Structures are given as C-alpha cells and as structure tokens.
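**Student:** How does the following fold in three dimensions:
(2 chains)
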Amino acid sequence: MELTIQRDDLLRGLQKSQSVAEKRSSMPVLSNVLLEAKEQQLHLTATNLEVSFTGSHEANVTKEGAVTIQARKFYEIVKELPFPELRITEKENQWVNISSGTTEYNLVGLPADEFPQVMKYEDVEWVQMEAPLLKEMIDKTIFAVSTEETRYNLSGIYFEKVETEDPVCLKLVATDGHRLSFIQKPLPEVTKFTFDKGIIIPRKGMLELSRLLEESEQVEVAFQENTAIFRQGESTLIMRLIDGDFPDYDTVIPKNCERVLEVDRSRFMEMLRRMSIISTDRYRGIRCKIHPEHMEIISNNPEIGDAREELSVTYQGEEMTIAFNPRYFMEILAVMTSKVISAKMIDESSACIIAGEEDEGFFSVVMPMRL
Amino acid sequence: MATIRVMSEQLANKIAAGEVVERPASAVKELVENAIDAEARQISIEIHGSGCRSIRVVDNGVGMEEDDAILALERHATSKISSDADLAAIQTLGFRGEALPSLAAVSKFELTTRTRDSTAGTRISASAGVVKGVNECGCPPGTQVWVRDLFFNQPARRKFLKSEKTEFGQVVDTLTRLALGRPETHFSLRQKNRQIHDWPAAINLQQRLAQIFPKRSTQSWLAVSHRQGVLNFEGFLSPPELYRSDSRMLFLYVNGRPVWDRQLRFALLEAYRTLLPKGKYPLGVLFLELPAQQVDVNVHPTKAEVRFQDPRTLCATVTSAAQAALATMERQRWARPLVAGSGLRAAEALIQGKLAPLSPAGAAVSEPRIQTYEALDFPQRGFSTDEESRRPPEKLHQELGLLFGELNVIGQFHNTYILCEAPDGLILIDQHAAHERVFFEAFHKEAIEGQLSSQILMITETVELTAEESAWLEDSLPLFSKLGFRLEPFGSYTFVVRAVPAVVLRQEPLELLQELVAAGCKGAGSLGPETLLEKLLQSMACQVAIKAGQRLGREEIAALLQQLDGLDRCSTCPHGRPLWWKLTMGEVERMFGRA
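**Tutor:** Now for the predicted structure:
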C-alpha cells in the first residue's frame, strides 16, 4: 500500500473513528483502524463489533493494499504533522511509514485480515432524512436508555413506524424501567423503511450518530436485516440491531391524569440543581410538596444535611407530596426547549408525565420513589 | 427392712468427686485455686502425661497446721467461710470444702504443708479417700499437693478421658484462665521435666497478657473499662483483625473468679457484630467487680457458672463499654496499631502455636524463657495510672489529621486495592470491602429509621420462587419493604415486584431479590428479625458495592476514602473481612535488609 493524502481530509475521518475504536479490549486489533487503499480512495474503518465507522477520502493511491494501525497514535500523529499532505507507505511485516516533509514515523501494524469483517451492505434502499430532526429525536430519548448490561432489550432506542396515523410518523422510545421518553414526528419517508414495525438500535450507535449529525443537513438511512446504516457524506456508521422485544410501553403511559402542574422549566431546573447538591448519591430522592400555588422541594441526606426551596407553580388537583430521583427530572428538562413544562400526575405512587408545548411530539414518563 | 441407708463418707466423697473432679484439668483448677486462696505468690505445677499419672502443685502460701491439714480432708471442711453471711460475701475462689476430699477420694493423695511459723511440716497421705498416714516432715513454708494415679479406683471415669494431648491442653487452658486472673502471682507449668510455661509475677494485666499471648499481638489490644456505681470492670479486647474460631480465649472474671457465662459472652460478641467473620470470636480478658450480694457464685460445683441479679443491665453496660473501646480504636483510623505479622492467619497461628502445649519445637524449649518484661513496649493505656500517657484518641486524630481522606493516594493495585502512603507505612484498602461498609452503614441507618428509598417500577416484574422461599418471603414482606422492595404475592410461588431499592441502579434488581431471598431463607429460622435485617443489608451492600477488579478514578477513590472517614466502624467489611491493612515502614525495611 502506498498513497498520498490531504492531512485535513484524513484528520476528519480519523477524529470520528476515535470514539468507535476500543480503548481497552481483549482483542488488540479493535484498538486499530483499518486502512484500505483502493481506486484513488482511502477507506478508514474502526469497529467495536457492535458499531462500525467508515470514512472514505480522496487519495492518490500508487499501490493498493490494506493494513491496520493503532487508531489513537495515528490520529495524534496526523494532527501534528506540519504539511498539508502526507504519504503512507506499507513496509514489510505490517510496518507503516508515515511521512510529511522531513517528519517520518514508522508504526507497528497488524495484518488487515485480522480486522473483523464489517457488516457488508449492498443494494440497500437509502432514505433521505433531515439530520437536525433525527438528531433532536435521538437526543430527546437517548438519556432514558438503560445502561444495565442485563437489560438487553432496553439498551437501545426503539424506532417504530406509525403508518396508521395521518401523516405517517416515526416514533422513538427509550426506557430503563424507571422512566421513559417518547418522541413522535411526522415523517412521510418512514413508509420506505424496510423493517416491519419496530427495531432497537444500540445506545452506543445512537451516541455516535448524534455526534455525526451535528454538522450536517441531510443523512441517508437504510436498514438491512439486523443492521442499520447511516451515511452522511464521506462517513458511514453501521450498527447491529438489538435482537429482542421492546416492552409494550403503551400500557405504562398513564391516560387519565387529573392533577396537572405547570412550572417554568429553567427555574425548575435551577432549583433541582440546587437541591441535588445535598443528594450526592445518584440514588437519593427528593420530596416535592405540591400546593395550589407553589411547590416545595425538600432534599435530605443523613450524612450531609438538608435543603428546602419553594417555587411558584400553577397546579390543579389535590395537595400532594411525591418523591422523585431529581436526576431523572433534570435529564428530561435538559433536553426540552419549552418555557413552561407540565407534569401530569395521578397519585404519589403512579407515573408522572412531563411534556411542554414547544417540545412537539415529545413527552417523558417518570416513576416516583418512596422515601 | 430398711433399704435406705446413709452413704459412707467415702462413697459420698467419690460421688462429689464426680462433680468436682471431672478430669485432670479440674484437679489442677481446684489445687491452684486453693493455692491462690492461700495467698501464694508463686505456684508451680508439674504434670506427668495428661495429669492422670501425677499432678503436683507447689505453692508458697500460708500453709496449714497439722490439725487443719487433717481436717482439710474432711468434706465441707474449709477455712474460707464460717457463716451464712460469709457465703453471701465470698471473696475467695473456693468455699465449698469439697476439693481436697474429693481429690483424695479418687487418687493416691499426698499433702505436705507448713506454716511460716511452725518449725516442722505435716505430710498426710491418703489413698482412695482413706488416710494412710500423718507424719511430721521437713519442708518449705507453703503447701504441696501431689495427686497420683487419678481415678485409679474409677476405671469408668478413666476410660472417658480424652487423649493425653487434649487433657493436657485443658490443663493449660485452666491455668491460663487462672494466671490471667492473678497477674501478681508467678505461675510455672512443667510437664515431666520440661518447662512449658513460666509466667513470673507481673506488675499489671498488660504484662501478664504479654506473657501469655505473644507480645506482638497484644500491642494492639483495646482497653475496656467502666467505673460507675456498683459495677466496675476493666480488661482488654482484641482488635477486629485478630480472632479465633472458638471463644476459648475470651476470659471472663467476676470478682476475680473465672466464669463461663453465656449472656456475658454474648454481650461482648454483640459489640463485635459485623466486625468479625461469621463463626469467629474475639480474644479478650474482662474483670467485673460487683458487690458480692449481686452475684450468686454458688450455682455449680465447679463454680464456672454464676448468676447475676440484674443480667440485662450488666450485659448492656458491657456491650456499650466494648463498643466504646472499639469506637475509640476506630477513631484512630489508619494510625491504630495493627496486629503485626504477615496477615491475620499468621497472628492467629502465632497465638495458637503459643498455646499449643505439646509442640516440642516451640519457643518453650529452645529459648530460655526468662524475659525482661520491663523491656516490653506495651502501650500504656487503660490500666495505666499515668494520666499523661493516656492521650484521648480524639485529640490525637485531630492533631495528626488521621483520616483516610488525607492520606496520599498512590494508586490502585490490581484494580482491587487502593494504595495510600502514610507516614509510618503503606496502607492497602480493599475497595470492595470499604464500599460495602459504607453502604452497609448507610442502609442500616436508613432501615432503622424507616426504610431505604425505593424506586417504583414503570413496568412491574414478576419473580418466581421455590415453595419454601415463597412461604418465607410472604412472612418477611415487612422486612423487604424496609429494604425498599414492594412485593405482592401473585399466587403459585410468584411475586409481583412493584418497587425496588433505589440504590440498585446498575444491577438487575430481580437477581438481587432472588439472592436476598435465598440467603435469608436459608438460615432464617434461627435469626431474630434484627439480625436477619442486618444479614439482608449485608448481602445488599455486597451486591451494590464497587467490585474487586473495577477500575477507579482518582476522584472516585477520594470520595470513597472520605465516605470511610464518616463512619464509626471502618476496620472491616460487614462480613468481618479486614478493610484495610498496613505494611509498616519497619516491615518494608526488613524486606530490603535495611533494618
């Protein structure tokens, strides 16, 4: 393999590959990035077996070939190279020479055939989507994804086609069993999605995608068997779908909430932040005493002390005290944009629905705590 | 025809001997107690074999006149009490007047005695309870009792004796118990011609402890004392890292008398709850002083058991004093001296080795046993009258900043131990054990005050159990509600889980529930609700704590150490495994041959 390539092109791809390449893995080759030189292009691939990233960049290939080298080091080197162009040459025994001007590196590589086969896709039907829309949908659901390893079917975002409604919609749902977040947006293109009803895409893949979508307007999406593929310009993310059944979330969304609380989102957020200073442990709850015109939040931690704050609210319903994990609320409020949010409740031991007018199609459900 | 007859005195003595003299160790006990009561300052015991062949106890006590000596072999003859009032206010170890006649009834017996004032001594020999001769003889002041062929006329009893090793072990235990009670008396024990133990007169209990237990291990013992009202006690208890598989080394004395009292023992163990591994016992010595009227020693012929007028208050006081001593120790955090040696087992083995009477390779033979006890670097505390040397540990702690959180963290070893640098050594902290203790203490507090905070589930789950488990769980639902679970029976051994402890964020709550049920159900029958709750909290703390092998960041380490500093107990994990250990500078330097 021998080629020359523009430093900045390569750097863009390498940067995106960093978070996919494993830092510590039982398979050393997973910390490497695969370089494939073919037909005047250099393809970079990083994978953690679940999610793979591929970046394709124009290059002047004088000799085709493939090799893998350490992703982290390669990125650090390219970043610091002094000239806009560099040359990559594969030597004997997978030694890779990188040179730019008078700078030269020789890196130990691993053979390309040790690199795991990235899921191949051919003849898939690409569907165009607005990148900011997809990003919003992911960001408003991903925080509720379960990080418990054992909860396999909850460890991703559920994509569901809603073809029965008009207009047809795409729904994204995530839950960890304590809270749930839901977003539904009209999207005519969903009819072209080649899955039946719904699929679960792993959290890690969604995180990478959200990052990739930051700078773009459009993204191409395709589904094939157990794979989801997202393509944006020179970058492609391929992720393996989670094989499992997403729970029937509809039954847990309360339908007849008679108590409705309305509160200024940013003031509520600031208040929660203040109150949770006391509850250092991630699992500690706070108590909300809700009166017709104000809400009182009490936080206490036997090891530290307690805190109390009042906030004026609009509330319809009986006075009540309900306890929550403040972290769950803060994560929801952080992704919302509405000035005023509403919390609908039934009683102190049933689910509470949070929504806001400016957050169209979105709501989140939080289960209370008993303290 | 009259079939009921009064027994001959010999027969009665033989029967009494059955109660008083069970085995060679009980003979030693009776004889040494007599010597102590005779104000002896030096008592030497010589044993052949297990003691059946020959036991000779020589003291330098007050001795007896000839008439007294003869009378001493009569049953219920004693110099120790003379009236009812005396019985109620007993100060001596013996008082029943049974020991000598009982011993004489079951052995070939020889008593040689002389008072300091008389010119000649008396020698009385007896066999199977029959006096064979009374002679005048020359002897030093004091008393010597020589018991030969113990149980020679009771083959049945002889048959039930255990091996020579066991019987001799019992003799050593008996003597240890008595010697601890009388630090001011010189005890020596010989087997055949071998010196087994030699404990010269000590100035105080610490010194005696150091003689009996290896010097290295007693340095870290905790002083316990209580002086208030009529109840006074003092003593020493082992730190949590030193323990045994039995409670033989827990010595209790009531008014100077060694006793075996279940309640008192339990009161001490209570203070060690969750500090020691299951089935392990601390070592210790505790002397209780209370008015003779409040304790009945005349319950058992060997006087091992006593009865207290108000055992509840007594036990509660003992428990809280022991807890206070442990708390004082804990306040010193990492700066408290640990039982030295290369680990717990080593310390334990050391003690057992020291007390194993028949190991010929022991130091007892190879080294001269004469030591200069003045040279012992025993920390002066507890019994010390020197107020200056007893610095309150709180003050110490403040002055030096003896907190885990202030140690210089070196890093993590094997993703399992946190290494810290202390001025006097390297401190290793077991991250799992530490975090487990942190959680356990927090849970315990919450559970006692109400319940652990609980997260209601969005989607209820069901858990299936065995018939036995589900029956048990149904009875224990209030307990599980304290833990933060909300469960409802759902028929056929199934339960609906509506809420789980909020702390279980990263683990599978159902797995935890199943584990708790399995663990709780197993030994539940024998446990009180409080102990059971504690056990469940232990399991839960273990489940949610950081695991061994988990990489920790600097901040996580700092937070853990800080949490540790907030606890009252931080020596062991709630299962009793040590939580931290110190490799002292001295130990490290010895490794490198620098010392």
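
**Student:** what's the pLDDT at residue 42?
**Tutor:** Just so you know, I chose chain A. On pLDDT, residue A:42 comes in at 94.

**Student:** sorry, should have said chain B
**Tutor:** What the model reports as pLDDT for residue B:42 is 93.

**Student:** tell me the phi and psi of it?
**Tutor:** phi -140, psi 120 (degrees, to the nearest 10).

**Student:** That one and chain A: what is the separation?
**Tutor:** Using C-beta to the nearest C-beta, to the nearest Å, residue B:42 is found at 57 Å from chain A. Where C-beta positions appear, they are placed from N, C-alpha and C, glycine not excepted.

**Student:** Find the residue closest to whichever residue of the stretch 101-250 of chain A sits closest to chain B in space, skipping its chain neighbours.
**Tutor:** Here the residue of the stretch 101-250 of chain A nearest chain B is residue A:150; by C-beta to the nearest C-beta that distance is 4.3 Å. In this structure, residue A:150 finds its nearest non-sequential neighbour in residue B:508, 4.3 Å apart by C-beta to C-beta, 6 or more residues apart in numbering or on different chains.

**Student:** ranges for the strands of the stretch 301-450 of chain B?
**Tutor:** Remark: strands assigned in the stretch 301-450 of chain B by DSSP state E, counting those that start in this stretch are B:307-308, B:408-413, B:417-422, B:425-430.

**Student:** what inclination does the last one have with respect to strand B:408-413?
**Tutor:** For strand B:425-430 against strand B:408-413, the angle between stretch directions is 50 degrees (axes from the mean of the first three to the mean of the last three C-alpha atoms, to 10 degrees).

**Student:** And strand B:425-430, how far out from the chain middle?
**Tutor:** 28 Å (C-alpha atoms, centre = their mean, to the nearest Å).

**Student:** Ok, the third one next?
**Tutor:** Centroid displacement of strand B:417-422 relative to its chain, using C-alpha atoms, centre = their mean, is 32 Å.

**Student:** got the buried residues for that strand?
**Tutor:** Residues of strand B:417-422 classed as buried: B:417, B:418, B:419, B:420, B:422 (neighbour count, 16 or more other C-beta atoms under 10 Å in any protein chain shown).

**Student:** Remind me what that strand packs against, helices and strands.
**Tutor:** Helices and strands touching strand B:417-422, as assessed by 3 or more C-beta pairs under 8 Å, 6 or more residues apart in numbering or on different chains; DSSP states H and E, comprise strand B:408-413, strand B:425-430, helix B:431-449, helix B:554-565.

**Student:** now the angle between helix B:431-449 and that strand, please.
**Tutor:** Interaxial angle of strand B:417-422 relative to helix B:431-449 (the same axes, to 10 degrees): 90 degrees.

**Student:** List phi and psi for residue A:101.
**Tutor:** Reported as degrees, to the nearest 10, the phi and psi values for residue A:101 are phi 60, psi -130.

**Student:** Nearest to chain A: which residue in the stretch 51-200 of chain B?
**Tutor:** residue B:180 (41.8 Å).

**Student:** quick one: that residue and residue B:213 touch, right?
**Tutor:** No. The pair residue B:180 / residue B:213 is not scored as a contact, 9.8 Å apart, by C-beta atoms under 8 Å.

**Student:** In which helix or strand does residue A:327 reside?
**Tutor:** Using DSSP states H and E, residue A:327 falls within helix A:326-335.

**Student:** What strands flank the following helix or strand past that helix, and is each parallel or antiparallel?
**Tutor:** Once the chain leaves helix A:326-335, the next helix or strand it forms, by DSSP H and E, is strand A:340-345. Strand A:340-345 pairs in its sheet with strand A:259-264 (antiparallel), strand A:352-356 (antiparallel), by DSSP bridges.

**Student:** Now the shortest one: buried residues?
**Tutor:** Within strand A:352-356, the residues scored as buried using 16+ other C-beta under 10 Å are A:352, A:353, A:354, A:355, A:356.
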